[in-house]
Structure formats: C-alpha cells, structure tokens
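**Student:** Need coordinates for the below:
(chains A and B)
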Amino acid sequence: MAYGQAAGDELRAPHDVAPGEPLLALESITKEFPGVKALQGVSFNLRRHEVHAVCGENGAGKSTLMKIISGVFAPTSGRIVYKGEERRFASPLDAEAVGIAIIHQELNLVPHLTVAENIYLAREPRRGFLIDRRKLRADAKACLDRLGVAIDPNRLVRELSVAQCQMVEIAKALSLNAEVLIMDEPTSSLTEQETRLLFKVIHDLKAAGVGIIYISHRLDEMAEIVDRVTVLRDGRYVATDDFAKTTVDEIVARMVGRSLEEKFPERTSTPTNDVILAVNGLTRNGVFADVGFELRRGEILGFAGLMGAGRTEVARAIFGADAIDAGTVTLEGRQLVIRSPRDAIAAGLAYLSEDRKAQGLAVKMPVDANMTLANMDEVSNRFGLIDFARHADAARKYVDLLSIKTPSIKQPVRLLSGGNQQKIIIGKWLFRKSRVLFFDEPTRGIDVGAKFAIYKIMDELAAEGIGVVLISSELPEILGMTDRVCVFHHGRITGVLETARTDQEEIMRYASGYGRPDSRH
Amino acid sequence: MTMTVTTPPATGKPSGRLSDRQKDLLQKFAALGSLLVLIVVFSLSSSAFFTVNNGMTIALQVTSIALLGIGATCVIITGGIDLSVGSVLALAGVIAALAVKELGMPVPVAMMIGILTGSLCGVVNGVLVTKMRLPPFIATLGMMLIARGVALQITGARAVSGLGESFGELGNGALFRIVTIGDDGFPNVVFPGIPYPVVLMVVIALAVSLMLNRSVLGRHIYAVGSNAEAARLSGVNVSGVTCFTYILSGSLAGLTGCVLMSRLVTAQPNEGVMYELDAIASAVIGGTSLIGGVGTISGTFIGSFVIGILRNGLNMNGVSAFTQQIIIGLVILLTVWIDQLRNRR
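**Tutor:** Okay, the predicted model is just below:
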C-alpha cells in the first residue's frame, strides 16, 4: 500500500474511535527470533489524548514491541487492533500510511537537505514534473508553526541541533497525519530547556487527540507528561498503571523484578591526600581555557556542567585525542608529554567515551578482541603473534570479574546490551592496568540494574587506588557517586565543590556561571 | 483481509535461523561449492579441462589475480580501496626490465627494484589517504593514472624485450619439474612441476593469512576497519596500520608485475589494465565487505579461483571473450547479492 499525499493539514477528527475504546490495542503479542523469545504474550493499549510510557530494562522487549507496532517486524502470534480493525503491517510504510509514526532515538533525517525537503521527503508537492518549492516551503512552515517552533524550513538539517532535528521529525510525523506517535528516548540528548519545549509540544499533540507512546529511561521526567505506564520485563508484560497512582520506586521495582532500595551503592573508598593526577592551566583555544584540578587517590571526582561546557573536551584533550595549546598534566608526580591517545594509554590514562558505539567499541568484533585491543602486547609474543591461550584467559578473567553477560567470548559485541558493552570497555582499560579512568556519561542509555553495577565497579576501582573521574549530566549521579565535583561553565571550571556539602541548586548555579564570587575563577 | 495466526509470518529468510558462525561457513561453502560445480561442469564439457597440465595452467593464470587480491583484501578490510594495482604492476615490471636492459643489473636485483617501486607507490597511496586525508578511491585513482602514465612515458609506450633467458626464470620455471630425455632424443616431461609463481602465491597467501589471523598487526587491521575512532582511542596506530595495507598492496602489485613480465620475457607498459577490478572482485566474491572490518584470505583465494576457472573453462568451451565478461559480471553481482542477504538482519 503506497502512502498518498497528505490529505490536509488538520489532524483527522477523532470520531472514528468510540469513546473508551482504545486507539491501538495489542493482544498477546509473541515474537520469536531464532533461539530467543523476545516477547511473550504482551498486551498493550493506547488511548487518544494519552501519553503512555513503556518502561523496562534493556532487553526487556521495548524496542521489539515498538518495531511490531511500527511495522518493522511482524509478530509471531497475536493481534494488532487499530481503530477497532485488525491490522497486519508488511512494512513501516504500511503502518505510516494508517497514521502510526515512530521517532527513533537515532534520528533519521537527511543532513544535506533542507528542513522542508526532509519533512516531505518522497512526498514532495509537485507541479507537473518539478517540485513545487513554494508549496513545499509553505506546507513545511505550517507544520512547524503548528508545533510552535521557530525553525526556518529553508535551513539545512545538518545545521540544526539535536533538539531541532527532533522537532523536524515530529513535524514530519504530523504531516503524515500520525495519530499514534512513538518516541524512543526523545530526551536523551536534549538540554533541560529543550526538554521543556519538547514536553510542551507533547502536551499540545495530546490535546489534539494524538496517542503517544513514550519510551525513556528517565523516570524522573515522566511525572510531567505521562498518563499511564506499562512495564515489561524479560519480554513479558508486568503491569499497566495510571502514572499518578504509582511511584517511581514501584516502577523500578517492577522493571528489575526486585525492590531496588538505593540507586547508588554505598561508597567504600575513602579519599586520601595523595594526588594521582594534577592538571594545570590546560587550554585549547576556543574550546576551554585555564582548566586545573587535582584528582586524589581513593576519591571519585565529578565533572558537572551543561552540555557544551567543555567537560568531554577537557577529558579528550588530557587523553591526547585532541590537541592542547597550553597546560600540563602530571600523573603520580611525573609530568606527561601526550601527543596522541597512544602516549596517554602508555602513561596509564584511559577515557571511556560517551558514545560507546562510535568511539568505544569495534562492534563487529567479538568480546575478546575488544577486551584486549588496548593491550595486545600482553597477549602476544615478541614476533607480534597472538598467544590465543593468554588472549582467551584475559577475556574470560574480565568477563567473570565484571559479570559480563555474554554467551561466549566470541560473541560480536553489537549483540550485547548497553550495560554489558560498557563493562567490556571498562574491562579493556582494567586489562591495560590504567591508573586513571575518565568515565564520560557511563550510564547513558543503560538500564537501572546495570547502572548500579557500573557504579559499584567505579567505587571498587577508587578503593583499589585507581583514579576515577565521572563526567555526567545527571546531577543525582554526580551527587550520589562523587567526593568532589568540578563544575564547568563555558570552557572553564567555575567551582570545585565538596559533594557532601553541596546540592543540585548550587551546582546548577556554578554551571550557569553564577557561582560565588570567591570561587576559584 | 482475513487473518489467521496459525502460520508464523514469513519474515526471516531461511538463513535467519543460523548463527553468525554458521553463516560464515555457509558463505565459504557457497563460494567453494560454486567452485566445485564449475569444475565438474567444465570437466564434463571439455576433456582437456581436468588434467594436471591444465590445472597448472589455471594456477598460473590465477596467481596474478590472487596476489593482487590478497593486497586488495587487506586494504578493503581497513575500509579502503586500491584502484592503482593494475598500473603499478605495469610500472614495476617495466622498471625491472629497464634495470636489466639499460643498466645491466642482475635479474634478482632488478626485480627487487621492481617490487620496491610497487612499495613506493603504496607508500604514496598510504600518505595520501592518512596524512592528506584523501578518500582512498580518489588517492588510488590518481595513482592509477600516474603510474600508468610513467610506465608508458619511460618506455615510449613500447614493449621492452630482449631481456635474456634468466629474466624469464621466475615466470616460467617450476619446482620439482621432472624431464627425461626419451630414446628419440626429445625431452619427455614426466611432471610439469609446480610453477614458481604458484609457489609464491601459496607462500604469500599463507603468510598474509597468518598475519591477519594471528598477529597483533592483523588484529589492528580488522579493528581499524571495524571502527577507526575506537581503535585510535584504544591506542592503535591507525595511520600506520592503514599505510601498511597500501604498502602491502603496492608491493604485491610490484611482485605481480615482475612475475607477469617474466612470463612473457617482455615488459609491456600496457600490461595489467583493469586487473585491480579482478582483484577487488576476487576479494568480494570471497566475502570481504567493502564497508570494512570483514574479510579473509581463504575467501579471496577461492574468489580468485572462481574467476580464473571461469575464464579458463569458458575459453576451452569456445565462449567468446565478450560473453566471458558478461558471465563474470553476473557472477560478481550474484555473489555480492548473496553476501547482502547474509548480512541483512
């Protein structure tokens, strides 16, 4: 079934679903992959005027369920009822044609085309053989206006921020007359302010009769917009509740199948006065300036700040991934000369990137190859030939030590969950005997249970005398895990705070550049 | 539309039930199987096909594709491409021949200079790709034109002949050749021997295979192709590793050039046109992914034999050169399509 030209700009009137009847209902959906039951008898329904959150740990079956709703997969068994009629989608186009649109976490826009061209891609209004550019722009503008966002339809998508791209995706969904909108982790890379705007748009869509399926790990944000929440665990349906009548703790308990009393482990390491890493006057022109801090043995040092404040950039520069213009880095009393990541690794530094798939892992390669990649000398002889026995031993040791869940050390890492992938990267650096580890957003996109495990590993590393720096945009994480926190604003450290004696408000003040005048800078 | 839920919908392809490892084996056996089918078909259609002599002929014909294919495989695993090898082999062969003829150098030294010429072209390719950050396609396209141009220029586009018998030894000699002098005084070939080029091909294939599978360098080559940024942040010398693959490819092109010119005992500046495409095709038929990160020497070896046997067998059956091109083109499309099916998930 081809999808035709959008009939009009107004949303279809919601008279086609009887009041009280769900807009979309899934009945005992089962989906089997070779050797795996991804979903088992899951039921779910969505009403008009509702935001329905789907929660679950990674691997719980959320994405599979969304792919079934949006026509990517066909269910092995079970029924999909949309507007009272049983449907079977052969492809995402089928689902889109009847008004089910999905906005993926990784946005699917063409960077070199304009906003308007992206919204009407493959559905361009035509005049004869040519594209009717004027109508294209006008229609796109109408879509964007309806969302209340000020984006010029003539701008190229590659010039837009992530948040703006998301708005374009939503506009595109609206132009398709979407009545069911699936949003997968929409806020994961948005700033506080951008999240506000997104929520406002969601509110408006809801009022207009759209049913929204909202997938997120950020339970704290949900209170503002979510009406009902469905929890999945291990491919099975657990419960559906009115969000107002449940608590975050209850949801988390259902997700992990046990009650999780604390989000953060008790800290066992105690900071000493022994300085492991000292950074002075570090400058990269136009990016950050005069950054200095000390990391002490036994402590976890936090880097807090808004997006683009320079936290990641500083860590990358210390690690040699980007060049510096001035400054010194001293590790255990020895001043380092770092020109490349190789120098930094040789000196004992490690950087765990915020983007695991793009920068942390060779995803096509198996667990063992990734684990040993930074320390091949340790598993090879002097002729440069790999000793496969030692190679396998090393991989197994860290798989056990970090409780990595994988069928074998030969499993390609792309098939593992985010938490296990992160643990493989940690294993890689432990095997390299790194002295200082920079964790950049280590728990982003990782489920609750695995987060706890990562925190615990960080604490144990600190207790063993390894330097740990935690870069995080989540203030609860900073407050829950660190001993001290360096707050970044606009490429400078505006304050170094004792975690025990500060709070979110104070950190935010420094992060927005309104710290006390007697602070370091 | 009526709907029943009794039969599971046909979403997956048959191979969807196989593990990655099984799929890899399947791919290998698919290529190997088609190779066997080709052999059986040609044996039945032509009595001269399945003989020791023809076997050696095929092996000899395959050497150039295989040697170039081995280099191409390494380059492609890093996510690059080397279009220059056909021209580089001509330049290398011509320079080796001129060194003998014009400078009076001994043949082994001259051939070493030929091989080093290939290495040098590889160095330039590597520097263009890693230091000047040119796309590999463009860098090696430039080298393809330049090397061919230089080869034609220094020879005046004429073949270099009169190189002496010893120049032909590498290409025409054989190991374990058994010849008896018959009663009639004519030599009688008991066993044609294993041609030196075939020995070279096997030794180099084994060596490069060992390098890719068992050495740290090989691991780094796969890592660069799988994710260059992750490899860099893990301390892999990405530029060095990438350069190495171009140098290897260039050196093997240089060697191929020497072997080919030696076989003809004449250096042709027009030799090896479009050989780079055979090399890339053999790698691709053998399962090397043009996206990088995936590929094996054994696969490429099978791939080059598929091409070689197709050519030889079609020749023996009197199929015209034009039709041969069509058939080989179709085989490439078919195998890559099978590979796509395998990788789709």
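**Student:** Model confidence score at the most centrally placed residue in chain A, please.
**Tutor:** Geometric centre of chain A, nearest residue: A:G445, 3.9 Å, by CA atoms, centre = their mean. Per-residue pLDDT puts A:G445 at 73.
**Student:** Repeat that for B:G16.
**Tutor:** With respect to pLDDT, B:G16 scores 42.
**Student:** what does the one 3 residues further on give?
**Tutor:** B:S19 is assigned a predicted lDDT (pLDDT) of 58.
**Student:** from memory A:A395 sits against A:K410, does it?
**Tutor:** No - look at A:A395 against A:K410 with CB atoms under 8 Å: they stay out of range, at 9.2 Å. In short, each C-beta sits where N, CA and C put it, glycine included.
**Student:** just to revisit the earlier point, now the residue nearest to the centre of chain A: closest residue in space, sequence neighbours ignored.
**Tutor:** Among residues not flanking A:G445 along the chain, A:G418 sits closest, at 5.0 Å (CB to CB, 6 or more residues apart in numbering or on different chains).
**Student:** Chain B versus the one you found, what's the distance?
**Tutor:** 15 Å (CB to the nearest CB, to the nearest Å).
**Student:** Near that residue, how many other residues are there?
**Tutor:** Burial measure for A:G418: 20 neighbouring residues, criterion other CB atoms under 10 Å in any protein chain shown.
**Student:** now do A:N273
**Tutor:** Neighbours of A:N273 (other CB under 10 Å): 8.
**Student:** helix/strand/coil for it?
**Tutor:** Secondary structure state of A:N273, per DSSP: H, G, I helix; E, B strand; the rest coil, is coil.
**Student:** residues contacting it?
**Tutor:** A:R296 (CB atoms under 8 Å, 6 or more residues apart in numbering or on different chains).
**Student:** before we move on, back to that, so between A:A395 and A:K410, which is more surrounded?
**Tutor:** Ranked by neighbour count (other CB under 10 Å), A:A395 and A:K410 place A:A395 first, with 26 against 15.
**Student:** Specify the local secondary structure of the more buried one.
**Tutor:** Under three-state DSSP, A:A395 comes out as helix.
**Student:** ok, back up a step: any chance you could list residues touching both of A:A395 and A:K410?
**Tutor:** A:V367, A:D368.
**Student:** returning to that earlier point: could you confirm the residue nearest to the centre of chain A falls within a helix?
**Tutor:** No - judged by three-state DSSP, A:G445 forms no part of a helix; its state is coil.
**Student:** In this structure it contacts A:E185, no?
**Tutor:** Yes - using CB under 8 Å, A:G445 is in contact with A:E185, at 7.0 Å.
**Student:** Check the contact lists of these two and give me the overlap.
**Tutor:** Shared contacts of A:G445 and A:E185, counting by CB under 8 Å, 6+ apart, come down to A:H217.
**Student:** Distance check, the residue nearest to A:G445 against A:I424.
**Tutor:** For A:G418, the distance to A:I424 equals 11 Å [CB to CB, to the nearest Å].
**Student:** just A:C486 next, same as before
**Tutor:** Taken as CB to CB, the span from A:C486 to A:I424 is 28 Å.
**Student:** neighbour count winner among those two?
**Tutor:** Taking neighbours as other CB under 10 Å, A:C486 and A:I424 compare with A:C486 leading, 27 against 24.
**Student:** Tell me where chain A is predicted with low confidence.
**Tutor:** For chain A, the stretches flagged by pLDDT under 70 are A:1-20, A:34-36, A:58-59, A:258-262, A:515-521.
**Student:** Can you give me the domain boundaries for it?
**Tutor:** A:23-99+A:211-261, A:101-178, A:270-348+A:436-446+A:468-521 (automatic domain parsing).
**Student:** okay if I get those as a markdown table plus distance to B:R232?
**Tutor:** Below are these laid out as a markdown table (distance: least, CB to CB, whole Å):
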| stretch | distance to B:R232 |
| --- | --- |
| domain A:23-99+A:211-261 | 27 |
| domain A:101-178 | 22 |
| domain A:270-348+A:436-446+A:468-521 | 6 |
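**Student:** who wins for proximity to B:V331 among these?
**Tutor:** domain A:23-99+A:211-261 (29.9 Å; CB to CB).
**Student:** Could you check how far the closest one is from the centre of its chain?
**Tutor:** 19 Å (CA atoms, centre = their mean, to the nearest Å).
**Student:** Wondering if it reaches chain B at all.
**Tutor:** Yes - Domain A:23-99+A:211-261 lies within reach of chain B by CB under 8 Å from any CB of the partner chain, at A:E32, A:P34, A:F73, A:A74, A:P75, A:T76, A:S77, A:G78, A:R79, A:E86, A:R88.
**Student:** contacting residues for the spatially most central residue of chain B?
**Tutor:** Computing the C-alpha centroid of chain B and ranking residues by CA atoms, centre = their mean puts B:G69 first, at 2.2 Å. Under the criterion of CB under 8 Å, 6+ apart, the neighbours of B:G69 are B:D278, B:A279, B:I280, B:S282, B:A283, B:G286, B:T300, B:F301, B:G303, B:S304.
**Student:** Do you know the pLDDT at the nearest residue to it once chain neighbours are set aside?
**Tutor:** Among residues not flanking B:G69 along the chain, B:S282 sits closest, at 3.8 Å (CB to CB, 6+ apart). Confidence at B:S282, expressed as pLDDT, is 93.
**Student:** any idea how far B:S282 is from chain A?
**Tutor:** 22 Å.
**Student:** which SS class is that residue?
**Tutor:** Assignment for B:S282 (three-state DSSP): helix.
**Student:** now do B:F301
**Tutor:** helix.
**Student:** dump the residue contacts of it.
**Tutor:** B:A66, B:G69, B:A205, B:G286.
**Student:** Now for those residues: which two are most distant?
**Tutor:** Pairwise over the contacts of B:F301, using CB to CB, the maximum falls at B:A205 and B:G286, 11.5 Å.
**Student:** Who has more neighbours out of those two?
**Tutor:** Set B:A205 next to B:G286 and count neighbours by other CB under 10 Å: B:G286 wins out with 27 against 19.
**Student:** how close does the more buried one get to chain A?
**Tutor:** Relative to chain A, and taking CB to the nearest CB, B:G286 is found at 17 Å.
**Student:** Return the residues in contact with that residue.
**Tutor:** B:A31, B:G69, B:T73, B:G295, B:T296, B:S298, B:G299, B:T300, B:F301, B:I302, B:G303, B:S304.
**Student:** what about the closest residue to B:I285 other than its chain neighbours, how many neighbours?
**Tutor:** Once flanking residues are discounted, B:I285 sits nearest to B:G303: 3.5 Å by CB to CB, 6+ apart. Neighbourhood size, B:G303 [other CB under 10 Å]: 30.
**Student:** got the residues of the stretch 351-500 of chain A near chain B?
**Tutor:** Neighbours of chain B within the stretch 351-500 of chain A, by CB under 8 Å from any CB: A:351, A:353, A:358-365, A:369, A:373-374, A:376-377, A:380, A:383-386, A:388, A:410, A:412, A:428.
**Student:** So the closest residue in space to B:I76 that isn't next to it in sequence: helix, strand or coil?
**Tutor:** In space, and not counting its chain neighbours, B:I76 is closest to B:T288: 5.1 Å by CB to CB, 6+ apart. Under three-state DSSP, the three-state class of B:T288 is coil.
**Student:** From A:L479, how far out is B:T288?
**Tutor:** 50 Å.
**Student:** related to what we said a few turns ago, from the residues of the stretch 351-500 of chain A next to chain B, which land in helices?
**Tutor:** A:A369, A:F388, A:K428 (DSSP state H).
**Student:** For those, give me a markdown table that also has neighbour count.
**Tutor:** Output for these, formatted as a markdown table (neighbours: other CB atoms under 10 Å in any protein chain shown):
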| residue | neighbour count |
| --- | --- |
| A:A369 | 22 |
| A:F388 | 13 |
| A:K428 | 23 |
